[in-house]
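*Asks:* Could you look at this predicted model? Sequence included:
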Amino acid sequence: MPPDDSLYINGLTIKPGERVLTRLVISKLPSGTVIDVPVHIIRAQKPGPVLLLMAGMHGDEVNGIETIRRMLRRELLQPTRGSIVAIPILNIYGFLNFSREVPDGKDVNRSFPGHPRGSLASRVAHRFMREVMPLVDFGIDFHTGGAARANYPQLRCVLGEDDVTDDLAAAFAAPFTLHARLRAGSLRATAHALGKSIIVYETGESLRLDEPGIEEAIAGTLRVLHYLGMSTAPSPAPARPSIVCHRHRWLRARYAGLFRAWVKLGDFVEKGQVYGSVSDPYGLQSVRLESPISGYVIGFNNMPVVNQGDALLHLAVPA
């Protein structure tokens with residue numbers, strides 16, 4: 001942070017105690033309409049860490065967008081020390097088109113650190129890295145399941161590698177905490193290379209609001225603010241201790257047909273338990289599906305028509 005304790009973003013100087021909404025211009029639509037990304041910067045008078053809250057990396061993942069919107073609207077983001085950078089929607093293109101990707105078909109979260117003359121996704125990532133990432137100490141990146149797949153509220157991060165990430169995950173205390181390896185080109189991997197900790201929260205299904213998951217996200221964020229010493233307000237206690245899982249696995253369809261599940265999100269499935277069936281659409285054949293492992297259902301495919309290899313259930317194995 002500069003010696004005068006100011007933050008610099010998008011050509012603006014933001015001093016302690018100020019609250020600013022700025023817009024990062026990304027590009028223009030073919031119609032000439034300017035596409036920009038609104039960024040809220042909320043600063044306390046006292047110095048402290050800078051926490052990033054970001055959603056809408058994938059434009060159809062509305063639960064994270066709604067999470068940050070509610071926290072802003074309810075005035076829950078009022079740090080007593082340090083600063084909060086809140087970005088409700090990074091991928092404005094995808095949000096406008098109900099899409100995970102930008103119009104060039106690329107995933108922003110596989111395009112970091114980006115390039116100013118690269119693909120559209122790469123340019124979005126580059127603008128973020130140039131303007132926002134230098135300010136950030138820690139971050140929470142909010143996501144949602146995609147392609148008709150729903151996620152039970154869960155936190156994803158690399159566990160056991162550094163105390164900072166472990167402590168952030170413990171403070172957030174999502175119902176499930178998963179050890180998730182870094183993926184090349186992701187925000188989390190790029191931040192990690194810079195020595196900055198970003199944890200990822202997942203809940204619900206794309207284009208559908210998941211009320212319990214949104215409230216879990218808000219409560220977890222308030223607990224992180226309290227842990228970082230950025231808030232003196234009481235933070236809500238988790239309903240139960242987080243279930244930590246170092247292994248997780250998608251069960252995939254061995255046959256094509258109509259998938260019917262006999263379990264639901266959050267259920268515990270025993271090894272050998274029949275969790276559903278795949279049937280042909282003509283009533284001639286039905287195959288019962290047995291789980292090869294024991295674990296909690298943290299991801300669920302709501303699409304009844306499946307092809308061979310499609311993901312059906314995501315099981316997390318407790319440590």
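*Replies:* Alright, I've got the coordinates.
*Asks:* list the contacts for residue 44?
*Replies:* 16, 17, 79, 80, 81, 82, 83, 230 (Cβ atoms under 8 Å, 6 or more residues apart in numbering). In this view, the C-beta of every residue, glycine as well, is placed from N, C-alpha and C.
*Asks:* Tell me the buried residues within those.
*Replies:* Buried by 16 or more other Cβ atoms under 10 Å: 16, 79, 81, 82, 83, 230, out of those.
*Asks:* Need the residues you listed in CSV (columns: distance to residue 268, secondary structure and pLDDT).
*Replies:* Shown next, in CSV, are the buried ones among the contacts of residue 44 (distance: Cβ to Cβ, whole Å; DSSP: H, G, I helix; E, B strand; the rest coil; pLDDT from 0 to 100):
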residue, distance to residue 268, secondary structure, pLDDT
16, 48, coil, 97
79, 39, coil, 97
81, 41, strand, 97
82, 39, strand, 98
83, 41, strand, 98
230, 36, coil, 98
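*Asks:* Does residue 257 touch residue 281 like I think?
*Replies:* Yes - under the contact definition of Cβ atoms under 8 Å, residue 257 touches residue 281, with a separation of 6.7 Å.
*Asks:* which one of the two has more residues nearby?
*Replies:* residue 257 (20 against 10; other Cβ atoms under 10 Å).
*Asks:* do you know how far the more buried one is from residue 276?
*Replies:* As judged by Cβ to Cβ, to the nearest Å, residue 257 and residue 276 stand 11 Å apart.
*Asks:* With residue 146 instead?
*Replies:* For residue 146, the distance to residue 276 - Cβ to Cβ - is 21 Å.
*Asks:* who has more neighbours, the two?
*Replies:* The neighbour comparison of residue 146 against residue 276 (other Cβ under 10 Å) goes to residue 276, with 19 against 15.
*Asks:* Nearest spatial neighbour of the more buried one, chain-adjacent residues omitted?
*Replies:* residue 261 (4.2 Å; Cβ to Cβ, 6 or more residues apart in numbering).
*Asks:* Give me the pLDDT value at the one you found.
*Replies:* The predicted local confidence for residue 261 comes out at a pLDDT of 97.
*Asks:* Could you count how many residues lie near it?
*Replies:* Neighbour tally, residue 261, other Cβ under 10 Å: 18.
*Asks:* In this structure it contacts residue 306, no?
*Replies:* No - counting by Cβ under 8 Å, residue 261 sits too far from residue 306 to count as a contact (10.8 Å).
*Asks:* Overlap in contacts, these two.
*Replies:* Contacts common to residue 261 and residue 306, judged by Cβ under 8 Å, 6+ apart, are residue 312.
*Asks:* in the stretch 151-300 of the chain, which spans are helices?
*Replies:* Using DSSP state H, counting those that start in this stretch, the helices found in the stretch 151-300 of the chain span residues 163-172, 187-193, 211-227.
*Asks:* which other helices and strands contact the last one?
*Replies:* What that stands for is helix 211-227. In terms of contacts (3 or more Cβ pairs under 8 Å, 6 or more residues apart in numbering; DSSP states H and E), helix 211-227 is packed against strand 46-54, helix 62-73, strand 138-145, strand 149-157, helix 163-172, strand 197-205.
*Asks:* Residue 264 and residue 204: what is the separation?
*Replies:* For residue 264 relative to residue 204 (Cβ to Cβ), the value is 14 Å.
*Asks:* So between these two, which is more surrounded?
*Replies:* Counted by other Cβ under 10 Å, residue 264 and residue 204 do not tie: residue 204 has more neighbours, with 27 against 10.
*Asks:* so what's the more buried one closest to, chain neighbours aside?
*Replies:* residue 210 (2.9 Å).
*Asks:* burial of that neighbour, as a residue count?
*Replies:* Neighbours around residue 210, by other Cβ under 10 Å: 23.
*Asks:* Tell me the pLDDT of it.
*Replies:* pLDDT, residue 210: 97.
*Asks:* just checking, it touches residue 63?
*Replies:* Yes - counting by Cβ under 8 Å, residue 63 is a contact partner of residue 210 at 5.2 Å.
*Asks:* Now list whatever residues contact both of the two.
*Replies:* 144, 203, 204.
*Asks:* how about residue 183, what does it touch?
*Replies:* 110, 189 are the contacts of residue 183 under Cβ under 8 Å, 6+ apart.
*Asks:* Repeat the analysis, applying 10 Å as the threshold.
*Replies:* Neighbouring residues of residue 183 by Cβ atoms under 10 Å, 6 or more residues apart in numbering: 109, 110, 189.
*Asks:* The last one and residue 125 touch, don't they?
*Replies:* No - the criterion here is Cβ atoms under 10 Å, and residue 189 misses it with residue 125 at 11.9 Å.
*Asks:* what about the two, which has more around it?
*Replies:* residue 125 (29 against 18).
*Asks:* Thank you, goodbye.
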